[in-house]
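# pasting the structure only:
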């Protein structure tokens with residue numbers, strides 16, 4: 001007995017189906033829906049009984065056939081949607097994967113153009129993993145680009161893990177009685193400035209400011225143990241590129257308001273002097289901003305959110321956009337935004353987004369920080385593989401643009417491999433590698449019991465490539 005959701009009524013229809021289980025899950029707005037034999041979806045035809053015949057992908061630009069409000073869906077089909085937050089996360093994931101493809105389109109020679117498209121080194125299969133503890137799904141065994149700058153998918157993973165790393169670092173500092181201050185360095189800029197030049201001048205002035213005997217005197221006077229520096233870039237129609245650096249200063253003692261004011265005045269004067277050598281100006285008030293209290297902790301808490309593709313909605317010359325929001329605008333047809341993203345990607349290539357001063361993490365007993373690539377490739381220990389895919393099966397998923405949707409279906413299904421395979425077969429992913437055979441040869445092998453389900457081959461033969469028993 002299998003179940004299939006009938007969106008035209010408040011009931012769930014059951015029917016006998018020898019071809020496998022159909023997905024009895026509700027579909028929220030903005031994601032694909034099934035046209036199922038034997039049931040009528042709003043706006044869809046009624047056909048005979050059988051199995052899933054068609055899935056409409058959001059990447060094909062088609063209208064969803066079931067536009068059901070989130071709250072209505074939750075009431076009708078309890079358990080299919082856990083919260084508005086879950087739906088928001090699913091939509092954000094879908095957007096990130098879409099933007100990743102756009103980034104690859106703009107940067108065809110960079111690794112982002114191939115990110116998640118192929119199996120990683122040493123892997124013979126892709127695993128779809130599900131974490132029962134938090135209900136999240138992710139892939140294992142795929143090659144990722146690890147670009148925190150150009151890839152929205154990798155950047156999101158890295159940001160989450162960097163945030164955890166930063167929180168651990170600040171907590172370690174607090175545990176030994178240290179303090180943290182947030183210092184921001186900006187540079188004068190206008191619409192005509194190239195990003196490469198701005199970054200070169202900003203980095204040079206920042207580096208020179210924190211060098212030499214005069215700086216060493218301040219380090220001792222203010223009890224500076226080390227710094228954590230992050231580079232961020234935004235763009236606006238009115239002022240062009242706006243690169244800036246946020247630095248968390250770890251100190252042995254708390255600064256008074258007078259000391260904060262004196263440190264700011266001395267630093268902005270010195271920093272401004274080095275910028276002037278490049279013909280640039282820095283505001284004596286806003287060029288260097290020093291904040292104490294909980295500002296450093298607050299900055300860490302929202303780490304990575306400034307670059308989120310879901311923020312900064314709106315239009316106009318005063319709107320400040322992250323690079324991924326420029327990428328989103330390109331996807332909406334703005335070719336200028338596409339050229340700006342290409343300029344940005346070239347300017348930041350090879351640069352570190354986050355840097356710890358030498359010896360800081362060792363001083364706190366934390367060891368070396370992980371690289372961006374390591375964080376992007378890191379797997380969740382609690383997750384378990386629920387579906388395995390061979391390269392030819394993975395190519396179908398990638399070709400259909402269903403990387404985000406497959407993860408969402410896995411989460412809806414709570415890791416139920418039968419429901420996931422019903423979805424995959426519905427979009428044309430063969431459950432057996434033998435589906436590449438001719439129909440006659442397939443039927444012969446099936447009759448002789450030579451066909452072995454993929455999961456059985458994985459359990460019984462590891463990652464072997466054998467396709468028959």
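Yes, it's here. As the structure is a computational prediction, the values presented were derived from the model and not from experiment.

# which regions of the stretch 351-469 of the chain lie under the pLDDT threshold?
Counting by pLDDT under 70, the stretch 351-469 of the chain contains low-confidence ranges at 433-447, 449-469.

# Could you do the stretch 201-350 of the chain as well?
Within the stretch 201-350 of the chain, the set of residues satisfying pLDDT under 70 comprises 304-318.

# switch the cut-off to 80
In the prediction, the stretch 201-350 of the chain carries residues with pLDDT under 80 at positions 293, 301-319.

# What segments of it are helices?
Using DSSP state H, counting those that start in this stretch, the helices of the stretch 201-350 of the chain run over residues 212-222, 257-276, 295-301, 323-331, 335-348.

# and the angle from the fourth one to helix 335-348?
Computed by axes from the mean of the first three to the mean of the last three CA atoms, to 10 degrees, the angle separating helix 323-331 from helix 335-348 equals 150 degrees.

# and helix 323-331, what other elements does it pack with?
Secondary-structure packing of helix 323-331 (3 or more CB pairs under 8 Å, 6 or more residues apart in numbering; DSSP states H and E): helix 84-106, helix 152-175, strand 224-236, helix 335-348. Every residue, glycine included, has its C-beta placed from N, CA and C.

# Would you mark the buried spots in it?
Buried positions in helix 323-331, judged by neighbour count with 16 or more other CB atoms under 10 Å: 323, 324, 325, 326, 327, 328, 329, 330, 331.

# and of those residues, the nearest to residue 415?
Taking CB to CB as the measure, residue 324 is the one of those closest to residue 415, at 29.5 Å.

# looking at it, that closest one is touching residue 152, isn't it?
Yes - Residue 324 is in contact with residue 152 according to CB atoms under 8 Å; the separation is 5.2 Å.

# returning to that earlier point: export the helices and strands packed on helix 323-331 as TSV, with columns for distance to residue 411.
Formatted as TSV, the helices and strands packed on helix 323-331 follow (distance: least, CB to CB, whole Å):
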stretch	distance to residue 411
helix 84-106	8
helix 152-175	16
strand 224-236	31
helix 335-348	30
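
# Mean neighbour count and distance to residue 287 added to the ones you listed, as TSV?
Formatted as TSV, the helices and strands packed on helix 323-331 follow (neighbours: other CB atoms under 10 Å; distance: least, CB to CB, whole Å):
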stretch	mean neighbour count	distance to residue 287
helix 84-106	19	32
helix 152-175	19	25
strand 224-236	20	16
helix 335-348	18	21
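
# Minimum distance to residue 424: which of these has it?
Smallest distance to residue 424 across those (CB to CB): 16.9 Å, for helix 84-106.

# Just list what the closest one packs against, helices and strands only.
Packed against helix 84-106, as judged by 3+ CB pairs under 8 Å, 6+ apart, are the following elements: helix 152-175, helix 323-331, helix 335-348, helix 403-412.

# how about TSV for the ones you listed, with distance to residue 213 added?
Formatted as TSV, those follow (distance: least, CB to CB, whole Å):
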stretch	distance to residue 213
helix 152-175	26
helix 323-331	38
helix 335-348	32
helix 403-412	54
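
# Which among those is found nearest to residue 215?
The closest approach between residue 215 and any of the helices and strands packed on helix 84-106, judged by CB to CB, belongs to helix 152-175 at 20.8 Å.

# relative to helix 403-412, how tilted is that closest one?
What separates the directions of helix 152-175 and helix 403-412 is an angle of 60 degrees, with the same axes, to 10 degrees.

# Which other helices and strands does helix 152-175 contact?
The elements that helix 152-175 packs onto, with contact taken as 3+ CB pairs under 8 Å, 6+ apart, are helix 84-106, strand 179-185, strand 224-236, helix 295-301, helix 323-331, strand 354-356, helix 372-377.

# Kindly provide the distance from residue 98 to residue 398.
Look at residue 98 and residue 398: by CB to CB, to the nearest Å, they are 13 Å apart.

# Then residue 347?
Note on residue 347: its distance to residue 398, by CB to CB, is 29 Å.

# Repeat that for residue 361.
Distance of residue 361 to residue 398, computed by CB to CB: 38 Å.

# more neighbours, these two?
The neighbour comparison of residue 361 against residue 398 (other CB atoms under 10 Å) goes to residue 361, with 19 against 16.

# which SSE is that one in?
helix 360-363 (DSSP states H and E).

# Pull the residues that contact that helix.
Outside helix 360-363, the residues within contact range by CB atoms under 8 Å, 6 or more residues apart in numbering are 169, 225, 226, 227, 228, 250, 367, 368, 369.

# got TSV for those, with distance to residue 336 too?
Written out in TSV, the entries for the contacts of helix 360-363 read as follows (distance: CB to CB, whole Å):
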residue	distance to residue 336
169	39
225	45
226	41
227	36
228	35
250	41
367	44
368	41
369	36
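
# which among those residues gets closest to residue 283?
residue 227 (21.9 Å).

# partner residues bridging that closest one?
residue 249 (DSSP bridges).

# I figured it was touching residue 246, is that so?
No - between residue 227 and residue 246 there is no contact, the gap being 10.2 Å when judged by CB under 8 Å.

# Give me the common contacts of the two.
When contacts are counted by CB under 8 Å, 6+ apart, residue 227 and residue 246 have no shared neighbour.

# Of all the helices and strands packed on helix 84-106, which one comes closest to residue 91?
Nearest of these to residue 91, taken as CB to CB: helix 403-412 at 9.3 Å.

# Which elements pack onto the closest one?
helix 84-106, strand 126-131, strand 136-140, helix 417-426.

# For the ones you listed, could you give me CSV that also reports distance to residue 177?
Putting the helices and strands packed on helix 403-412 into CSV (distance: least, CB to CB, whole Å) gives the following:
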stretch, distance to residue 177
helix 84-106, 37
strand 126-131, 36
strand 136-140, 37
helix 417-426, 51
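
# Out of the ones you listed, flag the one nearest residue 281.
helix 84-106 (32.6 Å).

# Please compute how far the closest one lies from its chain's middle.
Relative to its chain's centre, helix 84-106 lies at 8 Å (CA atoms, centre = their mean, to the nearest Å).

# how much does it deviate in direction from helix 403-412?
For helix 84-106 and helix 403-412, the angle between their directions (the same axes, to 10 degrees) works out to 160 degrees.

# Tell me what angle helix 84-106 forms with strand 136-140.
Between helix 84-106 and strand 136-140, the angle formed by their directions is 30 degrees, by the same axes, to 10 degrees.
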